[in-house]
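>>> test case, fold it:
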Amino acid sequence: MIRYIVIIIACTFFIQNGNSQNIIPLDTIHWEINAQSYVLENYKGKDAIYIQRGLAYLKDTKFLNGTIEFDVYLTNRQGFPGIRFRASDRNNMESFYLRAHLSGKPDANQAAPVINGITPWQLYFGPKYSFAYDYNYDDWTHVKIVVNGRRAQIYLDYSETPHLSWNLVHDPKEGGIAIGGGGAAAMHYANFKIDKSKYEIVDFKPIKRKPIEGLISKWQVSDMFEEKLVNNPKKLKEVIQSRKWGKTIQVEEGTAANIAREVVLVNGAPANTVFTKINITSNKDQIKLFEFGYSDRVVAILNGRPIYKGTNRWRSRDYRYLGTVGLFDAIYLDLKKGENTLLLAVSEDFGGWLVTGKFPDQNGIEIQ
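Predicted structure coming up:
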C-alpha cells in the first residue's frame, strides 16, 4: 500500500511540475518590461503582472508557429491589452489586442500588423480583423492564439471554435513576443504559456473585403518634413522644391496605400508629414472630380496651389469617429491641358499613415 501511495504522489508531483513549467513566470528574470508603470503581484488567485502603457518582452525566446495562451483581467475602462508576436524588431510585428471598453461592439478587438512603429488599424478594420464579443469584467478572460505560416486564429474563454481567422501581413519569420498595450487603463496578465508543437489551424475561413474599384494603384512619396511648413501658401514652392523623391507605395487591402511602408515616423519628432504625388496628363482644359481618403490630415496642392485642407483623425468628427480610411472626401480639380501635378501633404499622429484616391471619370486623362 505504501508503495502505491508513493507512486501516486510522484505522479501527481510530475503532472503539477510539468504544468508549472509550461507557465512562464511573469517576472523581471523572464521579461524585459518597458512600461509607464507595472506591479508584480498575486491578483484574484493568480501570479500576475499589472502593466500600464507599455509592453513586456519575453527574453531569449523566438516564436514562429505554435500556440500562445494567457489570461487577462479586463475592466470597462479604455485599454488595449494584447499580444505582439514575430517581432523582428521593436517596430515590426504582428498583433492582436482587446478594446476592453467596447464590450459587445463590432470593433471590440483588433488584429493588425505593426509596420515601422505604426499599427494601421485605420486600414485593417471591419469584420476581417475584428469581432463582437461580450467581455466579463468580473473574472479572468482567457486568450489563445494559434499561428501557422501566414494564418492565425483567436479563441477566447476556452471556445472550441475560433472567433477570428485572418491572414498575417508580414512574411513568416521568427521573432519576439510581448504582452501589454496602450491606453490609460492598466490590466492584469497571468498564466502565460507557449506551445510550439501545437499549430493546427482549423476551419480557416477568413472574411474577405471587397476592394474599391478604380483606385490609383501607386503613389510617389517624398521625404519627411514638419507639418507646419504647409501652413503658409507663400512658402509652398520652396517646401516642394526642397523635397527628395524616389520611393513608391501601392494600394493594400484594396483600400489605401500605407506611407509607413517607406517612411519611418519617429515618436516625438516634429517631422510627421510627406508629400504623396501623382501626375495627371489631360487632353484639354477640364474639371475632374477626384475622390480621396487620407489619415490623419491632408493639404491638397494642384500645380503648386493649395486647394483643400482636411482632418480625418480619430475622434476628429465626433467622439466615436474612428478615422478609418476610405473615399470620404472629394474635390474638383481644375486641370490644364498637358501635365498636372497633384500633391497630397499627409500628416500622421497614430492609427495609420494612409492615402487613397480615384477619378470616377478617367476619360480624357492619364495618370502616371
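
>>> show me where this structure has helices.
2-22, 236-241 (DSSP state H).

>>> where does the prediction get shaky in this structure?
Low-confidence segments of the chain (pLDDT under 70): 1-21.

>>> mind giving me the domain ranges of it?
24-195, 218-367 (automatic domain parsing).

>>> excluding chain neighbours, give the residue nearest to the residue nearest the centre of the chain in space.
Centre of the chain computed as the mean C-alpha position; nearest residue by Cα atoms, centre = their mean is T119, 2.8 Å away. Of all residues not flanking T119 in the chain, A112 sits nearest, at 5.2 Å (Cβ to Cβ, 6 or more residues apart in numbering). For glycine as for every other residue, the C-beta is placed from the backbone atoms N, C-alpha and C.

>>> roughly how far apart are that neighbour and S95?
Separation of A112 from S95 (Cβ to Cβ, to the nearest Å): 6 Å.

>>> check G293 too.
For G293, the distance to S95 - Cβ to Cβ - is 23 Å.

>>> burial count for the residue nearest to T119?
Residues near A112, counting by other Cβ atoms under 10 Å, number 24.

>>> thought it was touching G126?
No: counting by Cβ atoms under 8 Å, A112 sits too far from G126 to count as a contact (11.6 Å).

>>> give the contact list for the residue nearest to the centre of the chain.
Residues near T119 by Cβ atoms under 8 Å, 6 or more residues apart in numbering: 95, 112-113, 350-352.

>>> what ranges does the stretch 201-350 of the chain have for its strands?
Ranges of strands in the stretch 201-350 of the chain, per DSSP state E, counting those that start in this stretch, are 218-221, 225-226, 247-252, 256-258, 271-282, 286-295, 297-302, 305-311, 329-335, 338-347.

>>> I'd like the distance between D296 and L102.
In terms of Cβ to Cβ, D296 sits 21 Å off from L102.

>>> look at the two and report which has more neighbours.
The neighbour comparison of D296 against L102 (other Cβ under 10 Å) goes to D296, with 24 against 19.

>>> how about the more buried one, what does it touch?
With the criterion set at Cβ under 8 Å, 6+ apart, D296 makes contact with 311-314, 316, 323, 346-351, 353.

>>> report how many residues lie close to the closest residue to it other than its chain neighbours.
With Cβ to Cβ, 6+ apart as the criterion, D296 has its nearest non-adjacent residue at 4.1 Å, and that residue is R313. By the criterion of other Cβ under 10 Å, R313 has 19 neighbours.

>>> repeat for V239
V239: 19 neighbours (other Cβ under 10 Å).

>>> what do you get for D89?
By the other Cβ under 10 Å criterion, the neighbourhood of D89 contains 11 residues.

>>> tell me what it is bridged to.
Note on D89: beta-bridge partners by DSSP bridges are N92.

>>> state the distance from P113 to I177.
From P113 to I177 the distance is 15 Å (Cβ to Cβ).

>>> so who does the spatially closest residue to T276 that is not a sequence neighbour touch?
Sequence neighbours aside, W219 is the residue nearest to T276 in space, at 4.4 Å (criterion: Cβ to Cβ, 6+ apart). W219 makes contacts with 248-250, 257, 276-278, 355, as judged by Cβ under 8 Å, 6+ apart.

>>> then V202?
153, 161-162.

>>> any chance of these in JSON lines, with neighbour count too?
Listed next are the contacts of V202 as JSON lines, based on neighbours: other Cβ atoms under 10 Å:
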{"residue": "Q153", "neighbour count": "24"}
{"residue": "T161", "neighbour count": "8"}
{"residue": "P162", "neighbour count": "21"}
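
>>> so which of those is the closest to V169?
Q153 (15.4 Å; Cβ to Cβ).

>>> does the closest one touch V143 like I think?
No: the criterion here is Cβ under 8 Å, and Q153 misses it with V143 at 11.7 Å.

>>> out of G293 and S95, which sits in the busier spot?
Ranked by neighbour count (other Cβ under 10 Å), G293 and S95 place G293 first, with 24 against 20.

>>> ok, back up a step: could the contacts of D296 be laid out in JSON lines, adding distance to D203?
Below are the contacts of D296 laid out as JSON lines (distance: Cβ to Cβ, whole Å):
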{"residue": "T311", "distance to D203": "42"}
{"residue": "N312", "distance to D203": "36"}
{"residue": "R313", "distance to D203": "38"}
{"residue": "W314", "distance to D203": "34"}
{"residue": "S316", "distance to D203": "39"}
{"residue": "G323", "distance to D203": "33"}
{"residue": "V346", "distance to D203": "39"}
{"residue": "S347", "distance to D203": "42"}
{"residue": "E348", "distance to D203": "37"}
{"residue": "D349", "distance to D203": "38"}
{"residue": "F350", "distance to D203": "34"}
{"residue": "G351", "distance to D203": "31"}
{"residue": "W353", "distance to D203": "35"}
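
>>> buried only: go through these for me.
Using 16 or more other Cβ atoms under 10 Å as the burial test, these include 312-314, 323, 346-351, 353 as buried.

>>> just the contacts of D296 now: which is nearest N42?
Nearest to N42 among the contacts of D296 is F350, at 34.4 Å by Cβ to Cβ.

>>> now that closest one, nearest residue through space, not along the chain?
I118 (7.0 Å).

>>> what pairs with that neighbour across the strands?
I115.

>>> what's the local residue count around it?
By other Cβ under 10 Å, 27 other residues sit near I118.

>>> try N116
N116, neighbours per other Cβ under 10 Å, totals 17.

>>> which residues sit in contact with it?
Applying Cβ under 8 Å, 6+ apart, we find N116 in contact with 91-92, 260-261, 263-265.
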